[in-house]
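*Asks:* Sequence plus the predicted model coming up.
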Amino acid sequence: MALTGLLWCVAALLAVSIAAIPAARLRPAGALVYGAALSISALALVIAGACLLAGGPLLGALTLPVGLPWLGAHFRVDALAAFFLIVVNLGAAGASLYGIGYGRHEEAPGRVLPFFPAFLAGMNLVVLADDAFTFLFTWEFMSLSSWALVMAHHRREGNAAAGYLYLLMASFGTLALLLAFGLLAGPAGGYAFEAIRAAPPAAGVAAAVLVLALIGAGSKAGLVPLHVWLPLAHPAAPSHVSALMSGVMTKVAVYGAVRIVFDLLGVPTWWAGALVALLGGVTAVMGVLHALMEHDLKRLLAYHTVENIGIIFIGLGLALAFGANGMRAAAALALTAALFHVFNHSVFKSLLFFGSGAVLTATGERDMEKLGGLIHRMPFTAFAFLVGSAAISALPPFNGFVSEWLTFQAILVSPALPQWLLKFLVPAIGALLALSAALAAACFVKAFGVTFLGRARSDAARSATEVDRWSVATMFVLAAVCLVAGILPGYFIDALAPVTHSLAGARMPPQGALDWLTIVPVAQSRSSYNGLLLFLIIAFAAGLGAEAIHRWASGTVRRSAAWDCGFPDASPATQYTAGSFSQPIRRVFGSVVFRAREEVHIPPPGDLSPAEMHVRLRDVLWDAFYAPITRVVGYVADRFNKVQFLSIRAYLTLVFGALVALLMVLAVWQ
Amino acid sequence: MDRLALDVAHLFAGGLVLVSFMLLYQDRMSGLVNNFALHALVVSLAVAWQAHIQHAPHLYITAAIALVVKAIVIPLALHRIIVQLGIHRTIETVVGIGQTMLAGIGLVALSIIVMLPITAKAGTLTQQDLAFALSVLLLGLLMMISRRNAVSQVVGFMSIENGLILAATGAKGMPLVVEISVAFSILIALIVIGVFLFRIRERFDTVDIHALHEYRGEQP
Amino acid sequence: MAIALNLLVQFAQMALVLALAPLFAGFVRKTKAHLLRRRGPPLIQPYREVLRLLRKDVVLADSASWVFRVAPYLVFATTWVAAALVPTFATGLVFSYAADVIALVALLGSARFMLALAGLDVGTSFGGIGSSREMLIASLAEPAMLMVVFTLSLLAGSTQLSSIAEFMQASDVGLRFSLALALIGLVMVAIAENARIPIDNPATHLELTMVHEAMILEYSGRHLALIEAAAFLKLLLYVSVIACVFFPWGIAVSGQGPVAYMAGAGVYLLKLAAGGLLLAVFETAIAKMRVFRVPDFLGAALMLGFLATLLLFVTMAR
């Protein structure tokens, strides 16, 4: 049975992880561990793919006699789990393939190699878990193994603080999920998902569970305002682990949210949809605005993950709102859009993180302001990064556009909703989505343009070389997947049909049989999109133009200095930097959202000191939420610190006092 | 009620909301006063059209009052005031124009959400008139709270009154509409005069007309 | 047989837009000149410019990469394809179902992406100015465009340009205020996207006023010819969209035969002439705005779109 095969894959990953502990110091250890992880993930990918496409006979459930004695450990593979297993294992296979080359540059393999397969095993197990205890246990296991990977380079500046914050937020999220499952299980204590599905909770309890699930899963996914750990922790890990955390672990968090909210809670309420969609919209815009202000390449990508999680939650919120009103076909559309974006994002985010890892390996720099001109030194990486940037900016004919287009189509169906608040809220969220898509394109023009184009701004950039062929091969495979998913989206949408059928009760109209491979989300008269045809016509037009020109126009090319309006400056410092590129957007949006202030200090004439410009940004959410909490905790901790320095008599008094208090409670209770 | 009549009524009422937004967008005094004249013109056209389709001739009087007093007399008076006060420069708004407009859109949505279910039993004409009148009222209030200048606050107040006129015509069968609109117009004229008088008093320490003659150098 | 004929009509539309685009740009320039009491360049001057540029050598900066060389072809191809998908003389052509309005806007976004990258490629400060300002304008114009699309979709029940045009032409739409607001919003977005006054000056070479011109400053020869042709096509595209959505009378429906197509083409030329005249009058009457007033301008377009949607909700609540 498929489930047994998947569990054996997980066991194999754990075995590799244990074997890597003593063997990490050996030279071929890296290639062996990553190669083993690659083959196991590929096998799991194939099994999961078969489960999703073939459906019924391969799905099933299993109970292992480990864990709590009266509960056991339930595992199940159904359509939703199969889809997320595909996402997880595709990302895992990509990261392992990349790691074969990248891992050679790892300076502390003993801190990375044992935890990498364990991380993969944890993610797979979360998706397979079928009862609350197994879910929470594997969730924590996933968090801890990724924390260990974040702390792999703990001596580097900022990494220890990032790991600490990550641990705090992960524990907080698990606590919220624990409470959610506790409420779901109810006083009877039925923790298995089967039991929870059979006994849907009352309205008030359902609302509390929804909020707790959003807090718990949302903090791991990166929903605003719980996203603050993400841009610190994701870049701190080695690049292939960053790709896994951003591209895959956040999707496992989305899986957790979908499983609880769509599967276990029963029929949704319309205000739940409004809340989730609004959170998603705000997250999307905040994420991309933060990304625009960054000039650390990996941190920019991490903030961008926040934006895409926002887009996914917009789709999920819309699906909830439609489901609450019985509009099943529309709910299926919104859910398909969200899940397709889950797949797309994991592919292109991994690609972009692999690219930034290649840049880091080649130059030793993450700061865009010190790079530039890398397209001449690292042509293959640049090409793959360009494809990833175009895909993430939602440009046709790549895959990012298709999932955003489907989300827009779901938004356009919203006038049929009866509630007035939803009728007005959804177009506003649509405007937020359009804004975030446009800002994402701006962000990636900046990221690709400042890093790879232009002239080199430092010696590190001038002396970069192309990375090894494993890394390049991984990036090219992912870029090809981006193009294929954009040109042939109909097959992907049809593959998602069993998932939406099980969650929303309906599916999108079958796309595979339509003429010319068009996709039609609602009805032919309403809207349609044909990625393959667009791609072919664009290629035809470009080819026609090129052919006509090369036949009848001049073909000569001369190289010379740049024109630059007649004032060419040899210094690469005169070209636009990342900060200057985002200055107009910072002026327009940043003064409100970040309280961005620019101070320019120009020395008086005759003074030879340089002019200075300082840009101050404040994270409004940090000041509003987290800073007060840290102050309160610090204050309380200071007060309690006195307990450390008491005399022996005082400690004995404390013990005596506690004993007496407990006896009094016992007396009253009886 | 045929389609064309409803569509034209919708045109005027929606146009009034649009001109209210244009009032929020303005940052120059003379443009503000001209915009207000347009606001009064649109409301008088709206009331005149309502008079035509509701067959209520007394509303023509209201339209005429709005046109003469608020679209011609008061803007001319305000133009003279701002020239004499020397404030034909930019208005400083408390919040930026972008946020004010966003808040305006939120207010329009809010008034539609509130009004449409309440007036569900009334006719479509009443429904949309009341929803848009509430929007104009809220937009006028928003304008008053987002400006520093007294004259622009008076303009905001007068645009609120235009919204009330639209609401009154929309709710059919209000017998005292004419009287109420006259009363409001007199009230506004008094406020404008009051502003004028306070400025004069500030400048010359008196509002005695004979004393002003002395300042002009004329012998009584 | 039928499908070959339909393909022929579609390719005829592709050729038509390519042939008409420089003529339209020349017409606008000539009208502006006449309004300023000059004689102005001849109507076919843009054709001559493109042909002259095609014959010239390309001078590449030393630091330019393959992105710089490939971008003009991609920009031209995506803009040409987008322009060919807008109904001009007939709706419902073969390829028109490949992309709806949202996909069309995204295609233009691809062109803009490549052009902005080309601006950053050579590593000068002018390219950076152009790219960063262009991305700011795009980020504000897209939500406004989406609101206009939302209004149209609410009314016509579709986002396909052919379906919208047929709906506007055939059914009893009536006097809709929201459509007027949507038209004004779309015109404002079109002005911003095509780098016309008051957002940008298409004839300038002063760096403080440049957006589009700054991005293409380093281009020469056949590359510049392709980019100029793409700019002409983009302007024609927006005017065609406005004509087919808001003034759809006279458009033929696919399959009505060559006579109807010819009549549709004639009406289309008239609409283009009217649009060009209005654009020339508007550009002559107004001055260019400061760059940081552009967000207010596009914010107003976004508000108009929102207002149009809200007003439409009220009337459709019957």
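*Replies:* Looks like it arrived, so ask away. Numbers count the residues shown, from 1 in each chain, chains lettered A, B, ... in the order given.

*Asks:* quick one, what contacts whichever residue of chain C sits closest to chain A?
*Replies:* Nearest residue of chain C to chain A: C:G128, at 2.4 Å (CB to the nearest CB). Heads up, the C-betas are built off the backbone N, CA and C, glycines and all. Residues in contact with C:G128 (CB atoms under 8 Å, 6 or more residues apart in numbering or on different chains) are A:Q575, A:Y576, A:S580, A:F581, C:G119, C:L120.

*Asks:* most surrounded residue in these?
*Replies:* C:G119 (32 neighbours; other CB atoms under 10 Å in any protein chain shown).

*Asks:* And what about that residue, helix, strand or coil?
*Replies:* For C:G119, the assignment made with DSSP: H, G, I helix; E, B strand; the rest coil gives helix.

*Asks:* That one contacts C:A214, correct?
*Replies:* Yes. Using CB atoms under 8 Å, C:G119 is in contact with C:A214, at 7.0 Å.

*Asks:* Pull the contacting residues for A:L320.
*Replies:* Shown in contact with A:L320 (CB under 8 Å, 6+ apart): A:V261, A:F262, A:P268, A:W270, A:A272, A:G273, A:V276, A:A277, A:A331.

*Asks:* do the same with C:G157
*Replies:* Counting by CB under 8 Å, 6+ apart, C:G157 makes contact with A:S525, A:R526, C:S163, C:F167.

*Asks:* any idea how far the third one lies from chain B?
*Replies:* It refers to C:S163. 23 Å (CB to the nearest CB, to the nearest Å).

*Asks:* re the thing from before, among the contacts of C:G157, which ones are buried?
*Replies:* Among the contacts of C:G157, those classed as buried by 16 or more other CB atoms under 10 Å in any protein chain shown are A:R526, C:S163, C:F167.

*Asks:* got the residues of chain B near chain A?
*Replies:* B:G96, B:Q99, B:A109, B:I112, B:I113, B:L116, B:P117 (CB under 8 Å from any CB of the partner chain).

*Asks:* how about 6 Å then?
*Replies:* Proximity of chain B to chain A, by CB under 6 Å from any CB of the partner chain, involves residues B:A109, B:I113.

*Asks:* quick one: low-confidence parts of chain B?
*Replies:* By pLDDT under 70, the low-scoring segments of chain B are B:1, B:85-95, B:172-179, B:182, B:197, B:201, B:204-215, B:217-220.

*Asks:* show me what contacts the residue nearest the centre of it?
*Replies:* Of all residues in chain B, the one closest to the mean position by CA atoms, centre = their mean is B:S159, 2.1 Å from it. Counting by CB atoms under 6 Å, 6 or more residues apart in numbering or on different chains, B:S159 touches B:H39, B:G140.

*Asks:* Strands of the stretch 301-450 of chain A, residue ranges please.
*Replies:* Assigned strands in the stretch 301-450 of chain A: none (criterion: DSSP state E, counting those that start in this stretch).

*Asks:* how about the residues of it near chain B?
*Replies:* Contacts of the stretch 301-450 of chain A with chain B, taken as CB under 6 Å from any CB, map to A:W420, A:F424.

*Asks:* how about the helices in the stretch 301-450 of chain A?
*Replies:* A:328-363, A:374-377, A:379-392, A:399-412, A:420-452 (DSSP state H, counting those that start in this stretch).

*Asks:* re earlier: nearest to chain B among the contacts of C:G128?
*Replies:* A:F581 (22.0 Å).

*Asks:* Greatest separation within the contacts of C:G157: which pair is it?
*Replies:* Greatest spacing in the contacts of C:G157, by CB to CB: A:R526 and C:F167 (11.4 Å).

*Asks:* remind me, longest helix of chain B?
*Replies:* helix B:177-204 (DSSP state H).

*Asks:* Was I right to think A:V413 contacts A:A330?
*Replies:* Yes. If you go by CB atoms under 6 Å, A:V413 and A:A330 touch, sitting 4.7 Å apart.

*Asks:* Just want to know which of the two has more residues nearby.
*Replies:* Higher neighbour count among A:V413 and A:A330: A:A330, with 25 against 22, using other CB under 10 Å.

*Asks:* Quick one: residues contacting that one.
*Replies:* By CB under 6 Å, 6+ apart, A:A330 lies in contact with A:F322, A:V413.

*Asks:* switch to 7 Å and redo it
*Replies:* Neighbouring residues of A:A330 by CB atoms under 7 Å, 6 or more residues apart in numbering or on different chains: A:F322, A:A410, A:V413.

*Asks:* so which of these comes closest to A:A29?
*Replies:* For the contacts of A:A330, the nearest to A:A29 is A:A410 (47.8 Å; CB to CB).

*Asks:* Check the gap between the closest one and A:L62 for me.
*Replies:* 35 Å (CB to CB, to the nearest Å).

*Asks:* higher neighbour count, these two?
*Replies:* A count of neighbours by other CB under 10 Å puts A:A410 above the other of A:A410 and A:L62, at 28 against 17.

*Asks:* Chain neighbours aside, what residue packs nearest to the more buried one?
*Replies:* Using CB to CB, 6 or more residues apart in numbering or on different chains and skipping residues adjacent in sequence, the residue nearest A:A410 is A:A334, 4.0 Å away.

*Asks:* can you check A:A291 too?
*Replies:* The nearest residue in space to A:A291 (CB to CB, 6+ apart) is A:Y303, at 3.8 Å.

*Asks:* Model confidence for that neighbour, exactly?
*Replies:* Predicted confidence (pLDDT) for A:Y303: 94.

*Asks:* for it, what are its contacts?
*Replies:* A:P231, A:G287, A:H290, A:A291, A:E294 are the contacts of A:Y303 under CB under 7 Å, 6+ apart.

*Asks:* tell me which strands and helices the host helix or strand of A:G543 is in contact with?
*Replies:* Following DSSP states H and E, one finds A:G543 within helix A:531-552. Packing partners of helix A:531-552 (3 or more CB pairs under 7 Å, 6 or more residues apart in numbering or on different chains; DSSP states H and E): helix A:469-487, helix C:66-84.

*Asks:* winner for burial among those helices?
*Replies:* Across the helices and strands packed on helix A:531-552, averaging neighbours per residue (mean count of other CB atoms under 10 Å in any protein chain shown) puts helix C:66-84 on top, at a mean of 24.

*Asks:* That one and chain A, are they touching?
*Replies:* Yes. Using CB under 7 Å from any CB of the partner chain, helix C:66-84 reaches chain A at C:V67, C:Y73, C:L74, C:F76, C:A77, C:T78, C:W80, C:V81.

*Asks:* Can I get the residues you listed in TSV including distance to chain B and pLDDT?
*Replies:* Output for the residues of helix C:66-84 next to chain A, formatted as TSV (distance: CB to the nearest CB, whole Å; pLDDT from 0 to 100):
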residue	distance to chain B	pLDDT
C:V67	35	93
C:Y73	38	95
C:L74	34	95
C:F76	35	95
C:A77	36	95
C:T78	31	95
C:W80	36	95
C:V81	35	94
